[in-house]
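**Q** Mind folding the following:
(one chain, ligands or ions: 1)
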Amino acid sequence: MSEADNKPVSATVELIAQDRPEHRPEHRFSSRSIRSFVLRQGRMSGAQQRYLEDMLPKIGIEYRPAPLDLDDAFGRSAPKILEIGFGMGETTAKIAAAHPEQDYLGIEVHGPGVGAMCKLVAENGLANVRIMQHDAVEVMRDMIADGALAGVHVFFPDPWRKARHYKRRLIQPDFVALVAQKLAPGGYLHCATDWEHYAHWMLEILAAEPLLQNTADGFAPRPDYRPLTKFENRGLKLGHGVWDLVFRRR
Ligand SMILES: C[S@@+](CC[C@H](N)C(=O)[O-])C[C@H]1O[C@@H](n2cnc3c(N)ncnc32)[C@H](O)[C@@H]1O
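**A** As a prediction, the model looks like this:
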């Protein structure tokens, strides 16, 4: 154990106490307890993370967000599929149940969706699902090792229909470059949307990412593993479109 491991770091007490009210301010923490706190960074707000990034180097501890050990998180070595914004989780649960040979890491910010997904996992005994409630962009950036993913699902992301809101869309060139970096060679990025403008927006951005290659000539047929949602079924009967895009990491 290095000297830094034993160093009392009282300055972080306030931060940890904020996150864990059961920790009273008179407690002192070693850098080991801070490291385990950092490992739980999925629960940290952006402000907390910035505070840590700023404060830890001042007390001689290098702050590096640690990528998750996904095999450890799932308790086995199997292909890892990450889903961004699983909503209420029905699609994720169906896919995970149909593919027990793969592991599914679902990321969602919306609390009720996370609750619904937890219920589905318990009711269906899904041993191959793990859930994180956090911003997927930060998870992808800080917690996923390069080349760790066999696939990424982005199903019906918020379309942000107004032109002045396009900048809020999840699919942006920088984010797609980040996703591509996290995919193993041959791994795939699968997006689906029922909003035509977003479909073309995504096609343009994905096609411009040098690490990715389209599996289709433009939009892809819906892969069998993605079940039709009730909402989608209703829309299709009314003649509304749905567009799938499946790109592979070169
Ligand atoms: C339109 S819903 C689609 C939900 C689901 N995929 C489906 O097909 O029904 C988009 C979801 O993405 C989630 N979301 C949006 N941005 C996110 C982000 N940066 N990180 C994690 N989840 C996000 C929203 O909370 C919402 O539940």
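**Q** Residues touching stretch 208-219, excluding its own?
**A** 173, 176-177, 180-181, 183, 188-189, 199, 203, 206-207, 220, 243-250 (C-beta atoms under 8 Å, 6 or more residues apart in numbering). The C-beta positions use only the backbone N, C-alpha and C, and glycine is treated the same way.
**Q** can you narrow those residues to ones near the ligand?
**A** With C-beta under 6 Å from any ligand atom as the criterion, those include none near the ligand.
**Q** Which entries within those residues meet the buried criterion?
**A** Buried by 16 or more other C-beta atoms under 10 Å: 176, 180-181, 183, 188-189, 199, 203, 206, 220, 243-249, out of the contacts of stretch 208-219.
**Q** Let's see which of these end up in strands.
**A** 183, 188-189, 243-249 (DSSP state E).
**Q** where does the residue most central in space within the chain fall, phi/psi-wise?
**A** The chain has Ala136 as the residue nearest its centroid, 3.8 Å off, counting by C-alpha atoms, centre = their mean. Backbone torsions for Ala136, taken as degrees, to the nearest 10, come to phi -60, psi -30.
**Q** tell me the contacts of it?
**A** So Ala136 contacts 84-85, 107, 109, 170 (C-beta under 8 Å, 6+ apart).
**Q** quick one: which of those residues is nearest to Met132?
**A** Ile107 (5.1 Å; C-beta to C-beta).
**Q** May I have the beta-bridge partners of that closest one?
**A** Note on Ile107: beta-bridge partners by DSSP bridges are Ile84, Met132.
**Q** That one - how many residues pack around it?
**A** For Ile107, the count of nearby residues is 24 (other C-beta atoms under 10 Å).
**Q** which residues touch it?
**A** Ile107 touches 82-86, 131-134, 136, 139, counting by C-beta under 8 Å, 6+ apart.
**Q** Next one: Tyr188 from Lys182, what distance?
**A** For Tyr188, the distance to Lys182 (C-beta to C-beta, to the nearest Å) stands at 12 Å.
**Q** Any chance you could list residues touching both of these two?
**A** Between them, Tyr188 and Lys182 share the contacting residues Val152, judged by C-beta under 8 Å, 6+ apart.
**Q** I'd assumed Glu101 was in contact with Arg76.
**A** No. Using C-beta atoms under 8 Å as the test, Arg76 is too far from Glu101 to be in contact (10.2 Å).
**Q** who's more crowded, those two?
**A** Between Arg76 and Glu101, counted using other C-beta under 10 Å, the more crowded position is Arg76 (11 against 8).
**Q** Quick check: nearest residue in space to that one, chain neighbours excluded?
**A** Ranked by C-beta to C-beta, 6 or more residues apart in numbering and with sequence neighbours excluded, the top spatial neighbour of Arg76 is Asp103, at 7.5 Å.
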